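>>> coords please:
(chains A and B)
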Amino acid sequence: MATKKRIAYWGLTQIGKTALLATALYRDSAELARVRRNGPQGSINQSLFDVFLRLNQNQWVLPTSADWTGLSLVTEAGAEIEIVDIRGGLALEMHSPATRELLASCDGALFLAEYKGTGAGAQMAAIEAAARETEGKVHALAFTKCERWLAYDDPVWDGGNGWIEHTPLWAAHSETLKRFRDAAWPTSSFGYDSVRALPAVIIGEMGQMLPFRINPRNVAKPLAWMLRQMESL
Amino acid sequence: MTRVGCIGKPSAGADFTVLRRTGAEPPSVEARARDCLQLHIEGGSAVSAYLFAQDGAWWLCRAENEAGSDAAGRPRSRLQYFPLAGSGGARLGALGRACYAPFGDEVEVVEWLARPATAQPTPASRLALVALLLGAEAAAVPTIEEMAAVAEAWGEDRQLLFMAGAERIPWSVRTGGSLLAAPAANWIPLMAVKDLWAGLQDRDIPDASGLRRAGDPGVRQRLLETWAATRCDDFGCWSDDQTTWLLAAGHRRAERIARATPELCRRWLREGRLTPTEAVERRECWNEQDRSALLKICLDSPNGLAAYSGCVADPRPEEVARFLSGTDAAVFAWASAAGGDDPPGGAALRLERLARTGVLSYVTPHAIGLACAALGPQAPMEVWAERMMAAGMPRGVARALIGEPPPSAPPGIDPPALAGAWLAPVPASVLFEQGCWAASDRRWRAWWTDALVHHPAGASLAVLPGPAYSEPAAAWLAGSVHDGEMPEDAGLRVIGRWLSAATPAPGACAVERLFESCCLNDPKLWSAFLEGDCSLTAESPAPGLLADLRRLAAAGIVTLEAVAAAVEAGAAPEWATPLVSRSAAALLGLPGWDVMPSAGPPVGWSNSLNRILSVRVAMPEFWNRWRGAGIGADLSEWLAATLRGEAGGLLAETMLGAHRGTARIPLENLPIVVGAVSRAARTEQACMWADAPSTERRRAFQLLRDGSPAPAVDWLHSRLAFWGFPAMPPAGLACRELAALLPWLDPVWVVQIIMSRHVREVDEDRLLEALGAELRRRGSAPSPPPPPSLAAGRPDWIRTLAELPGWADWAEPQPEEET
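Have a look, this model is predicted:
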């Protein structure tokens, strides 16, 4: 029996990591159609499914307090892969032996960054530090919340390999982004309203963005790519 | 005061972080606290509380939502925590309080523990317990008290996570069990849980903690179904832990105990799962290591001592003492310690009371013996006897040892194997007397002798067989000989020693019994003989009696003097046969006259035999054995010397004189001794009787001629008794005969006869002297000198005869005659 592979799900706090994972897994997508989401005991990941339900009910995603949550998947080829959903705060704790040990236990890392979010430098620094810690392993990068900055028909959504290098937005971090030349995707857990082609959000009374009739876009590609890479290891 | 830790978001855009530490929490506690905060976020309530154990300590957490939201627009929340000690109920009381009482920066833990939750089992708590046992990740009960009931049943060795205040069961609860106390918790147990719970009919699950340890949830389900009798019970399918739980649940308990392996039984015993009665049922399982556990379960039982003794073959006194109390325990301890110290007050009475309860059976006979000995005259000997009987001593024996009449015969069972000073309170004399009955049985004789050796006063007791007769010793002797432990002759030697002792002497009956035990052929005869009540028979004794006499003499019981006296008194001399040497026996003609005695004095003669010899010499058969050659000079002299002064001494002296030719045998003695008179001596005796009156002379000559040829006597008889010319003397007369017959012979003829003989005789000198005197007296005409060849053989004769008047020619050399 093949050894269980682990993928670090890595990014700063409040950039939509959990939402991306929930929409990728529980919204029907061709890329992950044959991936079984059942855990060892045959039950679906209730916590993550609850997140997906909340998003569909136009509710905010619950914050994560636990250091990490494991999510077991089985690919079509039978490879057992665990997604280690790491609390965002740990991305800033690379000095911690526990964090380094957690990273070292993974066979690849799916990094996440909020597209044009505040603190882009901090995000890239955190990704660079973790990438160096896992040098030689499979790396991929997913930009979240892209619907906030990209128009529905922005060419970036269709960008091929190397698109990231031509995006002026991230020119300052080209050295870090070179690592993900062929493995970087813009994603949106909320997506765009299918009628108006506007982000599927509404503004709450405190000015915060709340999901509204979500229509996730590109959410399955990063995870599907990582699963294939893990299968090939 | 205890510092309270806190996890929360320092700002809207920050992640959860530890805002404040207690200073005592390890990293693992922080991780558990974060998990609890996650549960709070998912639980949907504004405030919730958590209680968990980590690294050996309990921690109480309180999570609450904060005002405002984070950068993503979500409510902010935080969690506070601090370590908590106390009992399970107190901790759960604090958990319930934490739902409505906020924490400060510091808390007084004692105050939080002041209101413990009381366990209240309800159907809801039992349902939750069943769910957790069957592997549910979480279960919910309405109240903290019901949560306490579940926790109490669950046990603390593997702690649950306790939650209170959540509106629903969070998705993030981990496998291993979380228990939520929330009235409105939306908890729906699995159908399997509800089915099983219904099958249990709302009974309390016994030893839920043990059930949890008995296996995985599947096993627990099967066990619960078995207990609920909804499932077939296969004894062989359960592991030890599972069987143990079924035992605790009381399911077919007796059968389960009966089938359990010894190892499992010992485990149950150590865990206190068995009752004393059950422990007795499986007593074959226990060993030395189980004593303390057995004692523990029996001490709390009303009949614990009996049960303990049923489990342990030999309860130790110190163990038994734990079942007693107060003075009873003190007296028991004193008695079991063999009465080492001064006895407690009223020890005798207390011992009697303890004996009635049977507890003294746990004191060794050795200790009881010493304890009773220490009490001296106050010793409760009845108690002692009862204890000995409990140790296997037959009642009759035990009672005899305390002074009651002894048993009529040894018990038909083996004596008990008692050791030590169990006999200490029994007087030595009483013990010694027991030999009267004990010695007749091999087993009990050994018991008795061993008891004598080990008795504290053993040094004062006679070492068997003892120097003097006693009834016990006699019984011991009889038994030992009867069983072959002592040779019969050795037994006779012992009897001989007793009989020779000054006191006390056994009576005739006792002696007869002793002789009978030593297998004498006629014990009655010999006992009477020793008593002087009868003598030996005049008839020749039977071989068996002679064998008896030989053994008795060898043992020193019967002496030769006694037998000789009996013979002298009329008993047959053959009685002495076994007592004399072969040479002496031959001389005495014992057992018959057909044995020729030695020519010389007998070897190994005892003067005690003189009396018998006196009797024997008066019998012709004694002398007839020398018929022909006659008795020898040495023996004749020995007889005369030996019998000098005895009844037969005169006869022996007469025989010696006859032998020497100096005395005439009286006529009345001649028939007795004539057989031992030699031919020459008969001739001399005939010559001595020649001048006797004719009647006596004829009688003497007749006697001298009887039995053996006596030509000289016949010739002399014809000379003296008949008229006419005398015939020529018979040829071949010896010198001694010629000397005796010389008055009736021609001396010259005698000279010529002697000088013609080529062989000299020892008595020729005596004959020559007599001839010289006779020739001088008679003045007989000399004989012509013999030829030189004859003269050369007796030159002394030539010289002596030549000196006679007219015999000078004998001095001249004579020419040899022509042939």
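>>> What helix or strand is residue B:525 located in?
Counting by DSSP states H and E, the element that carries residue B:525 is helix B:523-531.
>>> can you pull out the strands in the chain?
No chain specified, so I'll use chain A. Read by DSSP state E, chain A holds these strands, from start to end of the chain: A:5-10, A:68-74, A:80-86, A:108-114, A:138-144, A:184-186, A:201-203, A:209-211.
>>> wait, chain B
For chain B, strands defined by DSSP E occupy the ranges B:2-3, B:5-8, B:17-20, B:47-54, B:57-69, B:75-84, B:106-107, B:138-141, B:161-164, B:178-181.
>>> I'd like those strands as CSV, with mean pLDDT appended.
Putting the strands of chain B into CSV (pLDDT from 0 to 100) gives the following:
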stretch, mean pLDDT
strand B:2-3, 90
strand B:5-8, 94
strand B:17-20, 92
strand B:47-54, 92
strand B:57-69, 91
strand B:75-84, 92
strand B:106-107, 91
strand B:138-141, 86
strand B:161-164, 88
strand B:178-181, 71
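>>> Can you lay out those strands as CSV showing distance to chain A and mean neighbour count?
Where C-beta positions appear, they are placed from N, C-alpha and C, glycine not excepted. CSV is the format used below for those (distance: least, CB to the nearest CB, whole Å; neighbours: other CB atoms under 10 Å in any protein chain shown):
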stretch, distance to chain A, mean neighbour count
strand B:2-3, 21, 16
strand B:5-8, 7, 22
strand B:17-20, 6, 15
strand B:47-54, 12, 23
strand B:57-69, 6, 19
strand B:75-84, 8, 22
strand B:106-107, 22, 15
strand B:138-141, 11, 26
strand B:161-164, 13, 26
strand B:178-181, 14, 26
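>>> will you turn the ones you listed into JSON lines that also has distance to residue A:22?
Shown next, in JSON lines, are the strands of chain B (distance: least, CB to CB, whole Å):
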{"stretch": "strand B:2-3", "distance to residue A:22": "38"}
{"stretch": "strand B:5-8", "distance to residue A:22": "24"}
{"stretch": "strand B:17-20", "distance to residue A:22": "24"}
{"stretch": "strand B:47-54", "distance to residue A:22": "23"}
{"stretch": "strand B:57-69", "distance to residue A:22": "20"}
{"stretch": "strand B:75-84", "distance to residue A:22": "19"}
{"stretch": "strand B:106-107", "distance to residue A:22": "38"}
{"stretch": "strand B:138-141", "distance to residue A:22": "22"}
{"stretch": "strand B:161-164", "distance to residue A:22": "24"}
{"stretch": "strand B:178-181", "distance to residue A:22": "23"}
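>>> Now do the helices in chain A.
With DSSP state H, the ranges of helices along chain A come out as A:17-26, A:46-56, A:97-104, A:120-133, A:174-177, A:220-232.
>>> for the ones you listed, which one ends up most surrounded?
Looking across the helices of chain A with neighbours counted as mean count of other CB atoms under 10 Å in any protein chain shown, the highest average goes to helix A:17-26: a mean of 25.
>>> Export only the CA atoms of that helix, formatted as CSV.
Backbone C-alpha positions of helix A:17-26 (Å, rounded to 0.1, in the frame of the first residue of the first chain) are rendered in CSV as follows:
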residue,chain,number,x,y,z
LYS,A,17,-8.0,29.3,2.8
THR,A,18,-10.9,27.4,4.4
ALA,A,19,-13.4,28.8,2.0
LEU,A,20,-11.3,27.8,-1.0
LEU,A,21,-10.8,24.3,0.3
ALA,A,22,-14.5,23.9,1.0
THR,A,23,-15.7,25.2,-2.4
ALA,A,24,-13.0,23.2,-4.2
LEU,A,25,-14.1,19.9,-2.6
TYR,A,26,-17.8,20.3,-2.3
